[in-house]
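**Student:** need a structure here:
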Amino acid sequence: MEEVKCLICDRKETKHYRNIKCSKPRQVSFTLLQCNVCGLIYLNPRPDKREMQEFYPFWPEGGGRQEGIKLDWKSKRKKVNLLRNILAKRGNVLDIGAGAGEFLSIMQGLGWQAYGIEFAKVTSNYAREKLALNVLSKDLLGANFESDFFDLITFWDVIEHLHKPKETLLEINRILKKEGLLVISAPNIDNLWAYIFKDYWYTNSPRHLYQFSPRTILRLLEGADFKVVNIIQRAGFFEPVGFVVTFKNWLLASLRGDSRNLNSSSAFAQDARLNKLASPIKQFMRLILEAAFFPFSLISVLLEKAPNMIIFARKC
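**Tutor:** Now for the predicted structure:
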């Protein structure tokens, strides 16, 4: 375990935010702290990179077979459609955390020169071998891309996982063209659901080292010489597993009369999504939950308190 300071302020003045209990692959507890200066919420102490492999199903040197990879073309097409309304031209695109390469494959089919970074070898190998994509099995900080090379860099639900997000953003600034666009998606801790479910809100800790809000992600980007041009908040079940786990934790705790400040979160939510939500019964239950909570989802967007956000930024 390693001790860290605030990513934004580089200070240690914090207050307790929440205790987290992770149940898989073993029982272990973590603490989320909140910076007294900027409000950033982060895990401290946290697993270092070597220790973190225990909490990921597809670690670079760990297990996992390509036969177990389930491709998700639907959500990736939604991301492409979102960008299609913004970008009129084609060029070089880099997807950080490219996974098995679905997003890049679609972008390449649209005429983009596609590049990817994916830390997990089992999925990056799939992207190279099955989809014929240029995806590197390494961290961006060791990729050594040319300066001012990319027209578009995407960061889909990755930044909250990184041990060095600020250094990564500075490297992105170096390799992004002056007129290029950076697109980041991340969970928003300052959301209506977190206020409703409080300590049962699913934080995906310890895999999510940081819990960003629009205010803190803005400050982080400004510190890396980026200017945020737009933030879109989304209320849909962009992460259905997270909401289902939250609702289950809250319901079970309510039935037990359990008011402990704990969140029993599975570190292998990705496995849960791939292996469990595929069943027709669970898909049906998800639709029921979506319908029941649709009014609250709409309200969360209107109040700018939605659970997910997409940030668009350019170099200063």
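**Student:** Leaving out sequence neighbours, find the closest residue to residue 163.
**Tutor:** Nearest residue to residue 163 in three dimensions, chain neighbours excluded: residue 49, at 5.9 Å (C-beta to C-beta, 6 or more residues apart in numbering). All C-beta spots, glycine's among them, are computed from the backbone N, C-alpha and C.
**Student:** go on, residue 162?
**Tutor:** With C-beta to C-beta, 6+ apart, the residue lying closest to residue 162 is residue 168, at 5.8 Å.
**Student:** Let me know the secondary structure of the one you found.
**Tutor:** helix (DSSP: H, G, I helix; E, B strand; the rest coil).
**Student:** can you count the residues close to it?
**Tutor:** 20 (other C-beta atoms under 10 Å).
**Student:** Let me see the confidence value for it.
**Tutor:** On pLDDT, residue 168 comes in at 97.
**Student:** Pull the contacting residues for it.
**Tutor:** 96, 140, 141, 159, 162 (C-beta atoms under 8 Å, 6 or more residues apart in numbering).
**Student:** Low-confidence stretches in this protein?
**Tutor:** In the predicted model of the chain, residues 23-26, 57-68, 88, 235-283, 285-286, 289-290, 293 satisfy pLDDT under 70.
**Student:** Please enumerate the helices of it.
**Tutor:** 49-52, 73-84, 102-109, 121-129, 165-175, 192-197, 214-223, 240-256, 269-275, 280-302 (DSSP state H).
**Student:** where's residue 36 relative to residue 83, distance?
**Tutor:** 37 Å (C-beta to C-beta, to the nearest Å).
**Student:** out of the two, which sits in the busier spot?
**Tutor:** residue 83 (19 against 13).
**Student:** Excluding residues flanking it in the chain, which one is nearest that one?
**Tutor:** Residue 83 sits nearest to residue 183 (C-beta to C-beta, 6+ apart), 6.8 Å away.
**Student:** picking up where we left off before, can you name the two of the contacts of residue 168 that sit furthest apart?
**Tutor:** 141 and 159 (13.7 Å; C-beta to C-beta).
**Student:** Comparing the two, which residue is more hemmed in?
**Tutor:** residue 159 (24 against 13).
**Student:** Verify the contact between that one and residue 184 for me.
**Tutor:** Yes. Counting by C-beta atoms under 8 Å, residue 159 touches residue 184, with 5.8 Å between them.
**Student:** so who does the closest residue to residue 4 other than its chain neighbours touch?
**Tutor:** The shortest distance from residue 4 to any non-neighbouring residue, by C-beta to C-beta, 6+ apart, is to residue 44 (5.5 Å). By C-beta under 8 Å, 6+ apart, the residues touching residue 44 are 3, 4, 14, 31, 32, 33.
**Student:** dump the residue contacts of residue 113.
**Tutor:** Per C-beta under 8 Å, 6+ apart, neighbours of residue 113: 90, 91, 92, 93.
**Student:** From these, pick the one nearest residue 154.
**Tutor:** Nearest member of those to residue 154, counting by C-beta to C-beta, is residue 93, at 7.0 Å.
**Student:** Please tell me how far that closest one sits from residue 134.
**Tutor:** 11 Å.
**Student:** and for these two, which residues touch both?
**Tutor:** Going by C-beta under 8 Å, 6+ apart, residues that sit against residue 93 and also against residue 134 are 114, 115.
**Student:** Show me which of those two is the more surrounded one.
**Tutor:** residue 93 (25 against 15).
**Student:** Does the more buried one touch residue 149 like I think?
**Tutor:** No. Using C-beta under 8 Å as the test, residue 93 is too far from residue 149 to be in contact (10.7 Å).
**Student:** So what touches stretch 124-137?
**Tutor:** Contacts of stretch 124-137 (C-beta under 8 Å, 6+ apart): 60, 66, 69, 98-102, 104-105, 108, 114-121, 143.
**Student:** Now it: buried residues?
**Tutor:** 124, 125, 126, 127, 128, 131, 133, 135, 136, 137 (16 or more other C-beta atoms under 10 Å).
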